[in-house]
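*Asks:* Got a predicted structure plus its sequence, pasted below:
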Amino acid sequence: MEAITSGIMGELATRSLSFLIDRYLKPAPSEVGIKQLQWMLLRVHLTIEEAEGRCITSQAMLHQLNILRRVVYKGYYMLDGLILRIPEEEIGGEKEHGVSHFLSLSISGAAKRVCFRTGCKYGTESLEKMLESLEITIAGMSEFLIVLRNYPPPMFRQPYSTYMFIEKCMFGRQLEMERVINFLLHEEPPVHYDFGVLPIVGPGKVGKTTLVEHAQFDERVRSHFSHVIFLSDNDFREV
């Protein structure tokens, strides 16, 4: 019995030691790799912003645009974790040169010191996999950019357009806006007397009204209907 207990305890100790070594003593990513990740993410980010400034109607193009967004989100999430491993004086130097001002983290110095002592969950292997994924994504963007040129940029921008694309409050909502527009442009059969209703639900202050108002200003919707009436909560309360 003692031999079995001793063997189990030895196996647990070995596995625990291996886990700690893999977690905290993994090779740290190089500064060159982190800068490469920054510029590759910036390149994909610029492509996303260019696509969001055009009236894309193809569902396949919108699906590919969402894939680009997911890759960028994962890359920025990893980059934030990797920046925490760089010494504070190096982070300060980067900020002085303006390389990563758009990725600055609101984190206290104490939290930084804790992260430096315990290490980061991302190592060299994770960084290499992310860089490889971004290389594949960038290689596949060539055809996407060629097709994107067929979609003209909008002729005008309403204030809500600037609100969406600059402040990022509705970042990633272009697919939802296209669904609203497709619903409005859908032709009902002549013998069908029921009106279609598209519910847009969600918590308060997430951009539901902005989404609807932006969709109603679209040129396709304006040219399809002779009159467009936009009602808010205040209009119903007055009635």
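*Replies:* Arrived safely.

*Asks:* any idea which helix or strand comes after the worst-scoring helix or strand of the chain on mean pLDDT?
*Replies:* Every helix and strand of the chain was ranked by mean pLDDT, DSSP states H and E. The lowest is helix 109-118, at a mean of 37. The helix or strand immediately downstream of helix 109-118 is helix 124-139, counting by DSSP states H and E.

*Asks:* For that following helix, name the packing helices and strands.
*Replies:* When contacts are defined as 3 or more Cβ pairs under 8 Å, 6 or more residues apart in numbering; DSSP states H and E, helix 124-139 sits against helix 31-52, helix 59-83. Every C-beta, even on glycine, is put in place using the N, C-alpha and C of the backbone.

*Asks:* Alpha carbons only: can I get it in PDB?
*Replies:* Only the C-alpha atoms of helix 124-139 are listed here, as PDB (Å, rounded to 0.1, in the frame of the first residue of the first chain):
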ATOM      1  CA  THR A 124       7.400  31.700 -28.900                       C
ATOM      2  CA  GLU A 125       5.400  28.800 -30.300                       C
ATOM      3  CA  SER A 126       2.100  30.600 -29.900                       C
ATOM      4  CA  LEU A 127       3.600  33.700 -31.500                       C
ATOM      5  CA  GLU A 128       4.900  31.700 -34.500                       C
ATOM      6  CA  LYS A 129       1.500  30.100 -35.000                       C
ATOM      7  CA  MET A 130      -0.200  33.500 -34.900                       C
ATOM      8  CA  LEU A 131       2.300  34.900 -37.400                       C
ATOM      9  CA  GLU A 132       1.800  32.000 -39.700                       C
ATOM     10  CA  SER A 133      -2.000  32.500 -39.500                       C
ATOM     11  CA  LEU A 134      -1.600  36.100 -40.400                       C
ATOM     12  CA  GLU A 135       0.700  35.300 -43.300                       C
ATOM     13  CA  ILE A 136      -2.000  33.000 -44.700                       C
ATOM     14  CA  THR A 137      -4.700  35.700 -44.100                       C
ATOM     15  CA  ILE A 138      -2.600  38.400 -45.900                       C
ATOM     16  CA  ALA A 139      -1.800  36.100 -48.800                       C
END
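
*Asks:* Buried residues in that helix, which are they?
*Replies:* Neighbour-count burial for helix 124-139, counted by 16 or more other Cβ atoms under 10 Å, picks out Ser126, Leu127, Met130, Leu131, Leu134, Thr137.

*Asks:* Now pLDDT and distance to Val197 too, for these, in TSV please.
*Replies:* As requested, the buried residues of helix 124-139 are exported to TSV (pLDDT from 0 to 100; distance: Cβ to Cβ, whole Å):
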residue	pLDDT	distance to Val197
Ser126	79	46
Leu127	81	48
Met130	86	43
Leu131	86	47
Leu134	88	42
Thr137	87	38
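
*Asks:* from the residues you listed, which single one is nearest His186?
*Replies:* Distance to His186 across the buried residues of helix 124-139 (Cβ to Cβ) is lowest for Thr137, with 33.3 Å.
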